[in-house]
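**Student:** 3D, please:
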Amino acid sequence: MEDLSQDFEVLAERADDCGALWAVRVLRRLTETNGALPPEWPGTLDEARGLVGTFAGRAGFNDRERLAKIVQYAAEWTWGDSSQAIPASYARAG
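**Tutor:** The predicted structure follows:
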């Protein structure tokens, strides 16, 4: 039982990293193409589920759902923290 708990902890850390990286990539893509930055994180829970499938496909349904929520939360947090640090000149539509 302890092994499963430790395994989930490792997956949760990976989910957190994955969500942050996802947000940074979307932010970079939008700023490089002069896309307008939405004030709220544009990613969806369905997209987060897809990302979880790339690293936790063998986890059970409930664990994958928990991991997707971690990915989504980390992305939302990173988006809010990072998008506010971008100068307005970068965040305008081209």
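**Student:** number of residues surrounding residue 50?
**Tutor:** Around residue 50 sit 12 other residues, with neighbours defined as other Cβ atoms under 10 Å. Every residue, glycine included, has its C-beta placed from N, CA and C.
**Student:** again but with residue 75, I slipped
**Tutor:** 27.
**Student:** and it, what helix or strand is that in?
**Tutor:** Applying DSSP states H and E as the criterion places residue 75 in helix 61-83.
**Student:** which residues are in contact with that helix?
**Tutor:** Applying Cβ atoms under 8 Å, 6 or more residues apart in numbering, the contact partners of helix 61-83 are 8, 11-12, 15-20, 22-24, 26-27, 37, 39-41, 43-45, 48-49, 51-53, 56, 59, 91.
**Student:** can you tell me which of these are buried?
**Tutor:** 8, 11-12, 15-16, 18-20, 22-23, 26-27, 37, 41, 43, 48-49, 51-52, 56, 59, 91 (16 or more other Cβ atoms under 10 Å).
**Student:** can you tell me which of those residues are in helices?
**Tutor:** Using DSSP state H, the subset of the buried ones among the contacts of helix 61-83 located in helices is 8, 11-12, 15-16, 18-20, 22-23, 26-27, 48-49, 51-52.
**Student:** and the furthest pair within the residues you listed?
**Tutor:** Checked with Cβ to Cβ, those reach their widest spread between 8 and 27, with 28.4 Å between them.
**Student:** now for the residue nearest the centre of the chain: which residues touch it?
**Tutor:** Centroid check for the chain by Cα atoms, centre = their mean gives residue 19 as the closest residue, at 2.2 Å. Residues near residue 19 by Cβ under 8 Å, 6+ apart: 48, 51, 70-78.
**Student:** if you rank the residues you listed by neighbours, which is first?
**Tutor:** residue 71 (31 neighbours).
**Student:** so how far is residue 85 from it?
**Tutor:** Distance, residue 71 to residue 85, by Cβ to Cβ, to the nearest Å: 21 Å.
**Student:** and residue 48, by the same measure?
**Tutor:** In terms of Cβ to Cβ, residue 48 sits 23 Å off from residue 85.
**Student:** also residue 52?
**Tutor:** 27 Å.
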